[in-house]
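>>> Following is a predicted model, sequence given first.
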Amino acid sequence: MLNKYARGFFTALFTPLASWLIRHRVSPDAVTIIGTLGVMVGGLVFYPLGELFWGTIFIVLFVFSDVVDGIMARQQERKGKWGAFLDSTLDRFADGALFAGVGIWFFTGGENDAVGIAAVICLVLGMLVSYIRAKAESLGFDANVGLAERAERLVFLLTATGLVGLGVPEVVLLVVLVALCLASCVTIFQRMATVRRQAAAQVPDEDLHRDMGKDT
C-alpha cells in the first residue's frame, strides 16, 4: 500500500543521490549490499544492546538503499534478473535482522517476553508473506496484493521501536507488533486467495490442488 502512494515521492527525493553515485561509478549491487549490511548492523548490534532509538536512526540511514539501487538500475537501463534476485534475497536478511534484534533485546535486557514473542511471530509471518509472492511469481501468477507488505512492516516497526527508545511505554510497541501479526495474516490470506483465483481460471479444479502442492 505504501509502495503505491510513496514510490513517486521517494523516487524524486533520492534521484539526485542515485545520479551522483552513478557518476562516481558506484554500482546498484554495491548500494544493495552496503544498505543491507547497515540495516543488519543496526538490527543485530544496536537493538540487542538496548539502543532502540539510536539503532533506529542508524537503520534509517541505510534502509532507503532499497529505493536508491532501484533508481540507479532504471537510470542505467539494467534489465537483468540478477539485480532483482539479489535485492529480494538481501531484503529477507534485513527484515530478519530487524525483528530478530528486537526479539533478542526484549527476551534479554528488555525483560518483556510478550514483545519478544510478538517480534518472532512477525518475523515468521513476514517471511511467509514474502515467500508466497515469490513462489506465486515463479509459477507465473501475480500475488502483489495485501494489507501489510514490506514497506508497511518496516515503517511501523522502526517508528514504534524508535519511540520506545525515547521513553514511550513498551506496550505501544507490543500493540504495533500484534497489529502487524494480524495484518500479515490478512495479507497471507489475500495472496493465497488471489493465486487461487488465478490458478482456478487456468487449470481444471481436479488438477489445481495437485499442482499447487508441489514445491522446489
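Yep, that arrived. What you are looking at is a predicted structure, and each value in this text was computed from that prediction instead of being measured.
>>> Centre of the chain to the lengthiest helix in the chain, how far?
Secondary structure assigned by DSSP state H gives helix 170-202 as the longest helix of the chain. Distance of helix 170-202 from its chain centroid, counting by Cα atoms, centre = their mean, to the nearest Å, is 14 Å.
>>> buried residues in it?
Using 16 or more other Cβ atoms under 10 Å as the test for burial, helix 170-202 gives 170, 173-174, 176-177, 180-181, 183-185, 187-188, 190-191, 194-195, 199. From N, CA and C alone the C-beta is placed, and that goes for glycine too.
>>> Output the contacting helices and strands for that helix.
Judged by 3 or more Cβ pairs under 8 Å, 6 or more residues apart in numbering; DSSP states H and E, helix 170-202 is in contact with helix 113-138, helix 150-165, helix 205-212.
>>> Sticking with Val41, tell me its helix or strand.
In this assignment (DSSP states H and E), Val41 forms part of helix 28-41.
>>> got any ranges where this protein has weak pLDDT?
For the chain, the stretches flagged by pLDDT under 70 are 1-7, 203-216.
>>> For Ala200, see how far away the residue nearest the centre of it is.
The chain has Arg150 as the residue nearest its centroid, 3.5 Å off, counting by Cα atoms, centre = their mean. Separation of Arg150 from Ala200 (Cβ to Cβ, to the nearest Å): 27 Å.
>>> one step back: and of the helices and strands packed on helix 170-202, who's closest to Leu52?
Nearest to Leu52, of all those, is helix 150-165, at 3.1 Å by Cβ to Cβ.
>>> residues touching Gly38, list them.
Listed by Cβ atoms under 8 Å, 6 or more residues apart in numbering, the contact partners of Gly38 are 58-59, 61-63, 65.
>>> Identify, from those residues, the entry nearest to Phe107.
Comparing these against Phe107 with Cβ to Cβ places Ile59 closest, at 19.7 Å.
>>> tell me the secondary structure for that closest one?
helix (DSSP: H, G, I helix; E, B strand; the rest coil).
>>> phi, psi of the residue lying closest to Gly50 once chain neighbours are set aside?
Leaving aside its chain neighbours, Gly50 sits nearest to Gly109 (5.1 Å; criterion: Cβ to Cβ, 6 or more residues apart in numbering). Main-chain torsions, Gly109, degrees, to the nearest 10: phi -60, psi -30.
>>> Wait, Gly109 touches Leu52, no?
No - counting by Cβ atoms under 8 Å, Gly109 does not reach Leu52; the two are 10.7 Å apart.
>>> Tell me which of those two has more neighbours.
A direct count of neighbours by other Cβ atoms under 10 Å for Gly109 and Leu52 places Leu52 higher, at 26 against 11.
>>> And for Ser138, the neighbour number?
Ser138: 9 neighbours (other Cβ under 10 Å).
>>> Against Val115, how distant is it?
Taken as Cβ to Cβ, the span from Ser138 to Val115 is 35 Å.
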